[in-house]
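In: Whatever this is, show me its structure:
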Amino acid sequence: MLIFTVYPVISSFVLSFQEVRGVEKTFVGVANYTRLIHDPVFYKSLLNTFQILIIQVPLMISLALVIAVALHSTLVKAKAFFRVAIFMPAITALVAASIVFMILLDEHFGLVNYFLSFIGVDNIAWLTSPFWAKVSVILVMTWRWTGYNVVIILAGLQNIPSDLYEAASIDGASKMRQFFMITIPLLKPVFIFTIVMSTIGTLQLFDEPFILTAGGPNNATMTITLYLYETGFKYFEFGYASAIAYVLVLITAVISWIQMKLVGDDSK
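Out: Numbers count the residues shown, from 1 in each chain. Predicted structure coming up:
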């Protein structure tokens, strides 16, 4: 813990107040943070990250809830197979999956545009248009992490006592009313966990835009973490990259705290 966690955290914080040139480190005070305030690429990456966050997390959690409820239903057979199948994307090598998506979403030869042509839709520049590049990243993230959240929500559903549904049925409550009056309230702790963890994961989004679009076109899919990576390991500005990292930590902590307050247990 001291070597691999505590020391890097402290060292990175100290580094954020320094300028690194080769092996020489010069103390520059808050210059890196001042530069960050006037950096248009940082604001662009911040905007891109929040745009993806606002759309992707609610979409993914909603889809995960629907699938989890379906798998929990007594009407679905071969539940073990579907659970494994839905969870598989979360453990699939992202590089391999991204290559598959790059082929599927190719503007000229991709299968997605091929099938869309049957309904009269012109070729979509999935990976080269600023708007559609964001959509592509959201699609890949949703495909990859929905199954992970399905398993968590499904575990929460299985912990709800069946007696509550039986009592509600005797009282004449419909299935829909039971869902909103019993299922949703009792899943609140699960929702808090999945929303907070999904938000943190999206704020740290790196793999999908790095592999699919390399942050393009024209920084349209440049995320905070990808910008941090390029600053540190492409331009070797480790002091500035450390400042970006700590601003990201602060943003993540504030958003997580707000979410906990908004959807947390009011009785606590």
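
In: Look up how far I251 lies from T49.
Out: Per Cβ to Cβ, to the nearest Å, T49 is found 9 Å from I251. (C-beta placed from N, C-alpha, C; glycine too.)

In: Show me which of the two is the more surrounded one.
Out: Between T49 and I251, T49 has the larger neighbour count (other Cβ atoms under 10 Å), namely 24 against 15.

In: what's near enough to touch the more buried one?
Out: Each residue near T49 by Cβ atoms under 8 Å, 6 or more residues apart in numbering is listed here: 202-203, 205, 223-224.

In: Top of the residues you listed by number of neighbours, please.
Out: T223 (28 neighbours).

In: In the chain, which helix is the longest?
Out: helix 40-72 (DSSP state H).

In: Would you mark the buried spots in it?
Out: 42, 44-46, 48-50, 52-53, 56-57, 60-61, 64-65, 67-69, 71-72 (16 or more other Cβ atoms under 10 Å).

In: Quick one: mean pLDDT for the helix or strand following that helix?
Out: Per DSSP states H and E, helix 40-72 leads on to helix 79-91 as the next helix or strand towards the C-terminus. The pLDDT scores in helix 79-91 average 87.

In: Please name every helix or strand in contact with helix 79-91.
Out: Packing partners of helix 79-91 (3 or more Cβ pairs under 8 Å, 6 or more residues apart in numbering; DSSP states H and E): helix 40-72, helix 130-158.

In: Let me know which of these is the nearest to V100.
Out: Among those, helix 130-158 comes nearest to V100, with 9.8 Å by Cβ to Cβ.

In: Name the residues of that closest one that are buried.
Out: So, applying 16+ other Cβ under 10 Å, buried residues of helix 130-158: 132-134, 136-154, 156-157.

In: Per-residue pLDDT of L36, please?
Out: For L36, pLDDT reads 91.

In: Give me the residues contacting the host helix or strand of it.
Out: Here L36 sits within helix 31-37, counting by DSSP H and E. Residues from elsewhere that reach helix 31-37 (Cβ under 8 Å, 6+ apart): 16-17, 19, 42, 239-240, 242-244, 247.

In: try stretch 229-244
Out: 12-13, 15-20, 25, 28, 32-33, 35-36, 42, 206, 210, 215, 224, 227-228.

In: Look up how far N149 lies from L59.
Out: 11 Å.

In: Would you agree P217 is in contact with F131?
Out: No - the criterion here is Cβ atoms under 8 Å, and P217 misses it with F131 at 10.2 Å.

In: mind listing what V150 touches?
Out: Counting by Cβ under 8 Å, 6+ apart, V150 makes contact with 64, 67-68, 71, 83, 86-87.

In: ok, it to A70 distance?
Out: Distance, V150 to A70, using Cβ to Cβ: 9 Å.

In: which residues of the stretch 151-268 of the chain fall in helices?
Out: 162-170, 175-178, 184-186, 188-203, 207-212, 224-233, 238-263 (DSSP state H, counting those that start in this stretch).

In: could you dump these to TSV with distance to V76 and mean pLDDT?
Out: Shown next, in TSV, are these (distance: least, Cβ to Cβ, whole Å; pLDDT from 0 to 100):
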stretch	distance to V76	mean pLDDT
helix 162-170	16	88
helix 175-178	15	87
helix 184-186	20	89
helix 188-203	20	90
helix 207-212	30	89
helix 224-233	37	93
helix 238-263	29	88
